[in-house]
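In: Kindly generate the corresponding structure for this input.
(4 chains)
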There are 2 protein chains.
Amino acid sequence: MRKIDPRKFQRATRTTTKDINRQIVLNLVREYQPISRADLARRMEVARGIVTPLVNELIEQGLLLEGATGASPRGRKPTLLHVRSHDRLTVAVDVRLSETQIMLADFSGRALATELLATPAKPEALVQALALRIRRLLDAHAADGECQGIGLVVPGMVDRTTGRLVNAPTLGWRDVDLGTALEEAVELPVHVERDAVACALAQMWMGQGNTDSSQDSYAYVTFSDGVGAGIVVGGNVVRGHRDAAGEFGHIPLSLDGPACLCGSRGCWEAYTSNPAVVARYLGRELSTRESYAEVRKSRLTVADVIARARAGDTAARTALEATGRYMGLGLAAIVNALNPARIVVGGEIAAAWDLIRLQVLEALAERTLTQGAAATPVIPEPHDEQTRLRGAAALVVAPVFAAPNIG
Amino acid sequence: MRKIDPRKFQRATRTTTKDINRQIVLNLVREYQPISRADLARRMEVARGIVTPLVNELIEQGLLLEGATGASPRGRKPTLLHVRSHDRLTVAVDVRLSETQIMLADFSGRALATELLATPAKPEALVQALALRIRRLLDAHAADGECQGIGLVVPGMVDRTTGRLVNAPTLGWRDVDLGTALEEAVELPVHVERDAVACALAQMWMGQGNTDSSQDSYAYVTFSDGVGAGIVVGGNVVRGHRDAAGEFGHIPLSLDGPACLCGSRGCWEAYTSNPAVVARYLGRELSTRESYAEVRKSRLTVADVIARARAGDTAARTALEATGRYMGLGLAAIVNALNPARIVVGGEIAAAWDLIRLQVLEALAERTLTQGAAATPVIPEPHDEQTRLRGAAALVVAPVFAAPNIG
DNA sequence: CCGTATTTGTCAGCTTTCTTGACAAAGCAA
DNA sequence: TTGCTTTGTCAAGAAAGCTGACAAATACGG
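Out: As a prediction, this is how the structure comes out:
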């Protein structure tokens, strides 16, 4: 039930039908590989004669591969098809305050090599350092033309029309054109995206196995230095009119609550970000912006707090549980606003899920309206799954598999 | 960049291309009528030979009409096309606590007749009363087969797969199948929808003139007995996984704020609903659920408070301004969450926009992150424009003009 | 070992639609 | 009236889905 915008529409041409069906075939292979042409035809409820030319075209384009012949109870054995992924590579880059990770991965998300560097203070230095390492990685592990592009994930707002990094508060960078700078340095297409959005994309495009259902509507919430969300509605990431959607970290829990780095008070982030967790453990109040510096001076991390809680430190345990409650209260706001099919929770604190789960779910149920909303599945994603890097890879992979936009 | 769901996709058939283009033609005529075939071809960047058969098909289906021949600087004069709307009718019904409005309208939203009735206490009685009046209206004003369907707008949550009214707290109705009951009574298709969603649809499909731009991403917020939002992203209404999206009224402003009818405390609704405005004027606190009954006993309405403010009552004025501030704080949450291109504000209090505008915008700017977000246009919609009824009509009209879903 | 049944993949002919180019109809101006 | 321009239509060609038939490949039973 989408409205056609009479000022910005996409007419269907002679090849549109084929474009759509070819993309469907590609996605079916991706989902069910290995799969035969006959199986594809059955899934698409179409004659086998339609599938053959579509598959041939995809093979010609280098998107699919014919594999071994499979088994069949009787009759001729099928030729099985795969997505060609092992020799189509992406460079995924995750820029964070402390460090920048680089991963060379194939189209299925499998890592071929990774590198780590301390994030330079200046963006120009980062581009230079990245260009050097990326070229080195590609020389060592990739044949010519195998790398399809670079995905760059940053902790901040990105203008998707230009690819500029508009504002990255944790890094202290404003209005930097990382994308084109890196593009010029390595001569490969570069896609830049906000971290929470990238994590949502990782769920959508790089999900491993948990393809249970309802991929078309969910939220990915990251609790880190800041708190942000990537929102997916109808199989589409919601970026907002000026790429500023998903800033759930700054909805209020209490108008006169703790000070937030954004300048307001009582933001969800001020209750649930990593500094907030540490401050709670230390018994400090984040009453002013200076208090953040004090907390940082303690050198404690959320991982430390979790470790102490597990070691029997009741103060740590209490701090985590209180944080869990605030997390749930904010998640309830997301559920009330968007009613997603599920919410994925990422960030350091996800590692303490067993300690906070009860508090999160209780608070979520407390402030939601319907039973169904209260029962929205909340799924923790431990930090070691490298969602951000997989999201960076998804930036390159997704356009290849996405539906053509029509209408 | 939508992902194709490999479990629930829509294959393109031989006729898909034409289906898409025919719908584009239909929407172009709707937007730019009167318009000639040649003009359509130019707008679609296509040969005139393509447009002719599409138009002919639409005329055959009774969706378009050929009108007078138009003017042209030189050369043959064009035949102008219109959407056939004057003899395609809808019955729009708006159910509210105090009264139920019925409107017989054509496809352009023009009202042919309206009726008013007191909303019965029982849903069965409502269906009976509606069936009677609707039949009377159609007998009086419509020829056979002219009415294409009935749009029913209710103040509560609706399950869109079944059309059941799940929960309407203000009416006190739970799990009522209004749709099929009315369908059986009048033998016309009935579409049921939540009020805020319907208002958003009215903006999208029944907008009059304000077709300036960016219709594809906005929010419609209604301030009434409750507070709710209809969200549009990418030309699509967001209904959520279980049709519970848009309940922004129950995001918190303060965890220990006034009591809300939902059972929580400090919901946005508890600060900005009609009862909250009256309570603020009376100097009462909505500290308990009983206080709502007390406020109702005063028999004051928001319209009264506005009238008194205009008459010089400073207490009324202060109450409205304070409400405006809370409205802005909540709108900021919507902006942070979704970053819509604009926000439309409806409900009784929209009539006092000149009194509260400053407070709303100030509070909005205070809690948003970027300048662009702070500058999100907020547009009041005075209540007499009958947005809810136009939204009810849109429930019938929209499916005719919507894009076919493919991929 | 051979014929039958079954499944896979392909292909030729048909229909439908976009695409292209030509043409008649309709009107204005000189 | 002639020439020019614009509109709307139409026929022929190209591209893609659709249909039905057929060869290839394999298992099974005798």
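In: And the contacts of the lowest-mean-pLDDT helix or strand in chain A?
Out: Using mean pLDDT, DSSP states H and E, the weakest-scoring helix or strand in chain A turns out to be strand A:64-69, at a mean of 82. Strand A:64-69 is contacted from outside by A:26, A:29, A:34, A:55, A:58-59, A:77-84, using Cβ atoms under 8 Å, 6 or more residues apart in numbering or on different chains. (Glycine included, C-beta is placed from N, CA and C.)
In: Let's see that with 7 Å instead.
Out: A:29, A:34, A:55, A:58-59, A:77-84 (Cβ atoms under 7 Å, 6 or more residues apart in numbering or on different chains).
In: Stretch A:281-297 too?
Out: Under the contact criterion Cβ under 7 Å, 6+ apart, stretch A:281-297 has outside partners A:258-259, A:261, A:270, A:275-276, A:278-279, A:298, A:305, A:315-316, A:319.
In: can you do 8 Å?
Out: Here stretch A:281-297 makes contact (Cβ under 8 Å, 6+ apart) with A:258-261, A:270, A:275-276, A:278-279, A:298, A:300, A:305, A:308, A:315-316, A:319.
In: Turn the contacts of strand A:64-69 into CSV, including secondary structure and distance to B:Asn336.
Out: Formatted as CSV, the contacts of strand A:64-69 follow (DSSP: H, G, I helix; E, B strand; the rest coil; distance: Cβ to Cβ, whole Å):
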residue, secondary structure, distance to B:Asn336
A:Val29, helix, 39
A:Pro34, coil, 45
A:Val55, helix, 46
A:Leu58, helix, 42
A:Ile59, helix, 46
A:Lys77, coil, 56
A:Pro78, coil, 51
A:Thr79, strand, 52
A:Leu80, strand, 48
A:Leu81, strand, 45
A:His82, strand, 43
A:Val83, strand, 38
A:Arg84, coil, 41
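In: picking that back up, between the contacts of stretch A:281-297, which is nearest B:Glu366?
Out: When the contacts of stretch A:281-297 are ranked by distance to B:Glu366 (Cβ to Cβ), A:Cys260 comes first, at 12.1 Å.
In: Distance check, the closest one against DNA strand C.
Out: A:Cys260 sits at a distance of 53 Å from DNA strand C (criterion: Cβ to the nearest atom of the strand, to the nearest Å).
In: Output the set of residues of the stretch 151-300 of chain A in proximity to DNA strand C.
Out: Taking Cβ under 7 Å from any atom of the strand, no part of the stretch 151-300 of chain A reaches DNA strand C.
In: A:Arg265 reaches A:Leu253, doesn't it?
Out: No: counting by Cβ atoms under 8 Å, A:Arg265 sits too far from A:Leu253 to count as a contact (10.0 Å).
In: Who has more neighbours out of those two?
Out: More crowded of A:Arg265 and A:Leu253, by other Cβ atoms under 10 Å in any protein chain shown: A:Leu253, with 23 against 17.
In: Might one say that that one is in contact with A:Tyr326?
Out: Yes: between A:Leu253 and A:Tyr326 there is a contact at 6.6 Å, judged by Cβ under 8 Å.
In: which residues do these two both contact?
Out: A:Trp268, A:Tyr271.
In: before we move on, the earlier item: can I have the buried ones of the contacts of strand A:64-69 as a ChimeraX selection?
Out: Of the contacts of strand A:64-69, the buried ones go into a single ChimeraX selection, burial set by 16 or more other Cβ atoms under 10 Å in any protein chain shown:
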select /A:29,34,55,58,78,80,81,82,83,84
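In: want to try CSV for the contacts of strand A:64-69, with distance to DNA strand C and pLDDT as columns?
Out: Output for the contacts of strand A:64-69, formatted as CSV (distance: Cβ to the nearest atom of the strand, whole Å; pLDDT from 0 to 100):
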residue, distance to DNA strand C, pLDDT
A:Val29, 12, 92
A:Pro34, 10, 88
A:Val55, 7, 91
A:Leu58, 12, 90
A:Ile59, 10, 90
A:Lys77, 6, 86
A:Pro78, 4, 88
A:Thr79, 3, 88
A:Leu80, 7, 90
A:Leu81, 8, 92
A:His82, 12, 91
A:Val83, 16, 92
A:Arg84, 17, 91
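In: State the number of residues packed around the residue of chain A found nearest DNA strand C.
Out: Closest contact between chain A and DNA strand C, by Cβ to the nearest atom of the strand, is at A:Gly75 (2.1 Å). Residues lying near A:Gly75 (other Cβ under 10 Å) number 7.
In: Show me where the stretch 301-407 of chain A has its helices.
Out: Along the stretch 301-407 of chain A, the stretches classed as helices by DSSP state H, counting those that start in this stretch are A:302-310, A:314-338, A:353-366, A:371-374, A:387-401.
In: For these, which has the smallest mean pLDDT value?
Out: Mean pLDDT is lowest for helix A:371-374 among the helices of the stretch 301-407 of chain A, at a mean of 91.
In: buried residues in that one?
Out: Of all the residues in helix A:371-374, those buried under the rule 16+ other Cβ under 10 Å are A:Gly372, A:Ala373, A:Ala374.
In: for the residue nearest the centre of chain A, what are its contacts?
Out: Note on chain A: the residue nearest the mean C-alpha position is A:Cys199, at 1.3 Å, using Cα atoms, centre = their mean. Counting by Cβ under 8 Å, 6+ apart, A:Cys199 makes contact with A:Tyr220, A:Thr222, A:Gly230, A:Val344, A:Gly346, A:Thr387, A:Arg388, A:Gly391.
In: swap the cut-off to 6 Å and go again
Out: Going by Cβ atoms under 6 Å, 6 or more residues apart in numbering or on different chains, A:Cys199 touches A:Tyr220, A:Thr222, A:Gly230, A:Gly346, A:Thr387, A:Gly391.
In: Which helix or strand contains it?
Out: Taking DSSP states H and E as the definition, A:Cys199 sits inside helix A:195-205.
In: Name the residue of the stretch 251-400 of chain A that lies nearest to chain B.
Out: A:Asn339 (2.7 Å; Cβ to the nearest Cβ).
In: any idea of the pLDDT on the nearest residue to A:Arg14 once chain neighbours are set aside?
Out: Leaving aside its chain neighbours, A:Arg14 sits nearest to B:Thr17 (7.1 Å; criterion: Cβ to Cβ, 6 or more residues apart in numbering or on different chains). For B:Thr17, the model assigns a pLDDT of 91.
In: following the strand or helix carrying B:Thr17, which helix or strand comes up?
Out: B:Thr17 is part of helix B:16-32, with elements assigned from DSSP H and E. Downstream of helix B:16-32, the first helix or strand assigned by DSSP H and E is strand B:35-36.
In: That next one pairs with which strands, parallel or anti?
Out: Paired with strand B:35-36 in the same sheet, following DSSP bridges, are strand B:79-83 (antiparallel).
In: For the partner strand, list the C-alpha coordinates in PDB.
Out: Provided in PDB are the C-alpha atoms of strand B:79-83 (Å, rounded to 0.1, in the frame of the first residue of the first chain):
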ATOM      1  CA  THR B  79      -7.800  15.700 -24.900                       C
ATOM      2  CA  LEU B  80      -7.700  16.300 -21.200                       C
ATOM      3  CA  LEU B  81      -7.900  13.400 -18.700                       C
ATOM      4  CA  HIS B  82      -9.400  13.400 -15.200                       C
ATOM      5  CA  VAL B  83      -9.700  10.900 -12.400                       C
END
